[in-house]
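**Student:** Sequence plus predicted model, see below.
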Amino acid sequence: MPRASNLMRSDRVGYVVGGAALIAWALRRPSLSRAALAGLGGWLLYQAYTGSTPVLRPLGINVNREPKETGLLETVVIEEAITIARPRDEVYAFWQRLGNLPLADDGAIMITHQTAGEELGWRVTSGERLLRFGWITLRDAPGGGATFVAAHVEYAPTGGSLGAAFALVTGNSPRRLVAECLQRARALLESEARSIR
């Protein structure tokens, strides 16, 4: 089974340069310690070739090399989901307010597609530049009276996959912000329902 890509092109270029430099340096004066460094260089080249590194795998970073929206060559994919104890039409109405959409607060928001009560897609731009895009999908949760909400967001991180990893480790990641957005939606919608009763 092929591994999911977790290195962006910029990261892969860095791995090629680093790997080739280690091998070249090791070959100048062969020794046992330099052979180990040459092995590390070969491992970096292999990771650049496959587009995947085991170092990032535990962080769940997934790179999409063919984004649905034009304007981004490749993206990091965020997928989060939550169940909200409210009917689907109420949950859909909440997401139609553009300020409620995940990662939509620092640019111009444009709705790209919508199917009433089922899916809402958007893109965020700054001037002519596409920053990110995504969609929310809604389904009735088992048992009735609740809605399953799945968010899919794609963005191009500063610093490539390694920049995305750094953001995750420092707690400033878009993935955390998307998860918090969904939790905030659940808290607001469910508390509104309690206050009406």
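**Tutor:** Perfect, I can see it now.
**Student:** Next, the buried residues of the longest strand anywhere in the chain.
**Tutor:** Looking across the chain with DSSP state E, the single longest strand is strand 129-140. By neighbour count with 16 or more other C-beta atoms under 10 Å, strand 129-140 contains the buried residues L130, L131, R132, F133, G134, W135, I136, L138. Just so you know, the C-beta spots here come from the backbone N, C-alpha and C atoms, and that holds for glycine as well.
**Student:** The fifth one touches L103, doesn't it?
**Tutor:** Put plainly, it is G134. Yes. In terms of C-beta atoms under 8 Å, G134 counts as a neighbour of L103; the distance is 7.3 Å.
**Student:** Mutual contacts of the two, please.
**Tutor:** V153 (C-beta atoms under 8 Å, 6 or more residues apart in numbering).
**Student:** quick check: domain ranges of this structure?
**Tutor:** Taking automatic domain parsing as the domain assignment, the ranges for the chain are 9-55, 60-196.
**Student:** Turn those into JSON lines, including mean pLDDT.
**Tutor:** Conversion of the domains of the chain to JSON lines gives the following (pLDDT from 0 to 100):
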{"stretch": "domain 9-55", "mean pLDDT": "93"}
{"stretch": "domain 60-196", "mean pLDDT": "91"}
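**Student:** Tell me the spacing between I61 and A141.
**Tutor:** 29 Å (C-beta to C-beta, to the nearest Å).
**Student:** same deal with T75?
**Tutor:** As for T75, its distance to A141 is 29 Å (criterion: C-beta to C-beta).
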